[in-house]
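1. sequence unavailable; structure follows:
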């Protein structure tokens, strides 16, 4: 469970996960580094880093943004950046496209020749990439659904072609047209 620790330099309250206890952390507000220990009476600190650029007469753009953020920020919004979900790694999934191809292949019979096998093949390759960790896993359900619809439409299309051929062959054998 995360604990609230106060930065010794700027007194900003930070939510620090247990995995960082005993390690040096950096305050996002003032860039001060200190050892995260929520149970210690005194917090060990390292001196803040010297600013890399000499101060100028007017504040830099980053300083204005930091000051403006500090003026309007309240206690409850301090941990917004820490709780925001991280961007998923890997290539974006094509779940919507595969699902659309699967649905089209079932609804439009003449499109089943192209869309069904395409949804099946794309679904197989995307599921392989998702399970290997190379693709965003959030679309696995859509990819799987589109793949199944592509398989169903391909089987129905092949079955109807086979039935048409068998019935045509029977008509030829019996002399009917």
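-> Thanks, I have the structure now. Not measured: the values here are computed from a predicted model. Residues are numbered from 1 along each chain as shown.

2. these two touch, right, residue 116 and residue 105?
-> Yes - at 3.8 Å, residue 116 and residue 105 qualify as touching, with contact defined as CB atoms under 8 Å. Using the backbone N, CA and C atoms, a C-beta is placed for each residue, glycine as well.

3. the strands in the protein, which residues?
-> Assigned by DSSP state E, the chain shows strands spanning 3-6, 13-16, 24-26, 33-35.

4. of all these, which one comes closest to residue 109?
-> With respect to residue 109, and counting by CB to CB, the nearest of the strands of the chain is strand 13-16 at 56.9 Å.

5. quick one, grab the pLDDT at residue 145.
-> pLDDT recorded at residue 145 is 95.

6. nearest residue to it other than its sequence neighbours?
-> Closest residue to residue 145 apart from its sequence neighbours, by CB to CB, 6 or more residues apart in numbering: residue 99 at 5.6 Å.

7. which intervals of the protein have sub-threshold pLDDT?
-> By pLDDT under 70, the weakly predicted segments of the chain are 1, 40-89, 176-177.

8. got phi/psi on residue 136?
-> With angles defined as degrees, to the nearest 10, residue 136 sits at phi -60, psi 120.

9. how close does it get to residue 150?
-> Applying CB to CB, to the nearest Å, the value for residue 136 to residue 150 is 20 Å.

10. what does residue 16 give?
-> In terms of CB to CB, residue 16 sits 48 Å off from residue 150.
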